[in-house]
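In: Provided below for reference: sequence and predicted model.
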Amino acid sequence: MGRLDGKVVFITGVARGQGRSHAVRMAEEGADIIGIDICANIEPLPYDLATEQDLDDTRVMIEAAGGKSFLRKADVRDRAGVAEAVADGVAHFGRLDAVVANAGVISVAATALDIPADEWKVVTDVCYGGVVNTVRAAVPHIRAGGRGGSVILVSSVGGVAPIPTTAHYTAAKHAVVGLMRNLAVELGPESIRVNTVNPSTVDSPMVQNPWAWKVFMPHLENPTAEDAAKPDGPHQPLNALPTPFIDPVDVSNAVLFLASDEARFITGVALPVDAGWLLKK
Ligand SMILES: NC(=O)c1ccc[n+]([C@@H]2O[C@H](COP(=O)([O-])OP(=O)(O)OC[C@H]3O[C@@H](n4cnc5c(N)ncnc54)[C@H](O)[C@@H]3O)[C@@H](O)[C@H]2O)c1
């Protein structure tokens, strides 16, 4: 028996990283997956986003985990495109039980007054506007099932505390927590629960790339993943537990719990998956 047997979940940013991990973990527990990813880079972001090959690989991994998938290339900033993808996926599988608004991006490390306007726009459009588009596209289908459901918004520790030099990202992730709280009240009478997950640094391509290594370790000429993982590197000292990173599957296990009936009376919660990062703020 799987913890999500018979359920259908919509996930954004599904091609790699945490989104892929959520899809595979939920498929292992019996869910079928509707998913989208931009599968292209966005200017002026300083690192590569997922590719169509990544999306194909996720499809194979979902099926290997025992799930069925309906995956498509789409941009969460495109409200009509998101709505169409969800509607087509629901027509394919016949229902929707949960949504994981996971797609997100980050950019330049600079103080708030120095972040270029185009970077403010891209980061807030994806990390906040994209979540709004995702919720507005998905919730009507959950509601139409009349069985209740679960809305999981991916925020960050930056959704409840400042992460200096990322004011655009921090503001967008705080907005996601505010949105979650309103939705939890508005959708509660229909037994649709709404929560955020708030990870600290996760071992995913968002932070494992040459640009991010240089941001975290400017004192090194050619910093690497190995440098980032050192106990005295940039990440581990920020956590209370002795680890530099949260693994994507650790976030997936929290998302899985929130999507399952085990969490049937949990709503309105901003759940840290952070190895104690927030304790040390
Ligand atoms: N990695 C971390 O340290 C960390 C920590 C806390 C929260 N988060 C959040 O977790 C979520 C997942 O990030 P990740 O760590 O897996 O990073 P990632 O870069 O590996 O994955 C993000 C995915 O979203 C996709 N995407 C980006 N913009 C999109 C758009 N406009 N439309 C559709 N898809 C888009 C990318 O192609 C990629 O597949 C994000 O919301 C991120 O902000 C990440």
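Out: Ah, there it is. These numbers come from a predicted model, not from an experiment.
In: which outside residues touch stretch 272-279?
Out: Identification of contacts with stretch 272-279 by CB atoms under 8 Å, 6 or more residues apart in numbering yields 157, 160-161, 197-201, 238-241, 243, 246, 250-251, 254. (Glycine included, C-beta is placed from N, CA and C.)
In: Ends of it, what's the gap?
Out: Length of stretch 272-279, first residue to last, CA to CA, to the nearest Å: 10 Å.
In: ok, is that stretch in contact with the ligand or not?
Out: No: counting by CB under 6 Å from any ligand atom, the ligand has no neighbours in stretch 272-279; the shortest distance is 8.5 Å.
In: Equivalent analysis for stretch 251-262, please.
Out: No: with CB under 6 Å from any ligand atom as the criterion, the ligand is not reached by stretch 251-262; the gap is at least 7.4 Å.
In: And for stretch 14-27?
Out: Yes: remark: stretch 14-27 sits within contact range of the ligand at 15-19, by CB under 6 Å from any ligand atom.
In: Now residue 70: phi and psi?
Out: Per-residue torsions, residue 70: phi -140, psi 90 (degrees, to the nearest 10).
In: Am I right that it is in contact with residue 36?
Out: No: with contact defined as CB atoms under 8 Å, residue 70 does not reach residue 36; the gap is 9.7 Å.
In: who's more crowded, these two?
Out: Taking neighbours as other CB atoms under 10 Å, residue 70 and residue 36 compare with residue 36 leading, 30 against 21.
In: so who does residue 136 touch?
Out: 79, 83 are the contacts of residue 136 under CB under 8 Å, 6+ apart.
In: And it, how far from residue 129?
Out: 11 Å (CB to CB, to the nearest Å).
In: Residue 19 too?
Out: Counting by CB to CB, the gap from residue 19 to residue 129 is 17 Å.
In: Tell me which of the two has more neighbours.
Out: residue 19 (30 against 16).
In: Tell me the pLDDT of the more buried one.
Out: On pLDDT, residue 19 comes in at 99.
In: for it, what are its contacts?
Out: Neighbours of residue 19 in contact, by CB under 8 Å, 6+ apart: 11-13, 35, 37, 58, 100, 102-103.
In: Mind doing that once more with 7 Å?
Out: Contacts for residue 19 (CB atoms under 7 Å, 6 or more residues apart in numbering) come out as 11-13, 102-103.
In: secondary structure element for it?
Out: Per DSSP states H and E, residue 19 falls inside helix 17-28.
In: Could I get the CA-only coordinates of that helix as PDB?
Out: In PDB, the C-alpha atoms belonging to helix 17-28 read as follows (Å, rounded to 0.1, in the frame of the first residue of the first chain):
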ATOM      1  CA  GLY A  17      16.500  18.900  -8.500                       C
ATOM      2  CA  GLN A  18      13.800  18.900  -5.800                       C
ATOM      3  CA  GLY A  19      10.900  18.900  -8.300                       C
ATOM      4  CA  ARG A  20      12.200  15.600  -9.800                       C
ATOM      5  CA  SER A  21      12.800  14.100  -6.400                       C
ATOM      6  CA  HIS A  22       9.200  15.000  -5.300                       C
ATOM      7  CA  ALA A  23       7.800  13.400  -8.400                       C
ATOM      8  CA  VAL A  24       9.800  10.200  -8.000                       C
ATOM      9  CA  ARG A  25       9.200   9.900  -4.200                       C
ATOM     10  CA  MET A  26       5.500  10.500  -4.700                       C
ATOM     11  CA  ALA A  27       5.300   8.000  -7.500                       C
ATOM     12  CA  GLU A  28       7.000   5.400  -5.200                       C
END
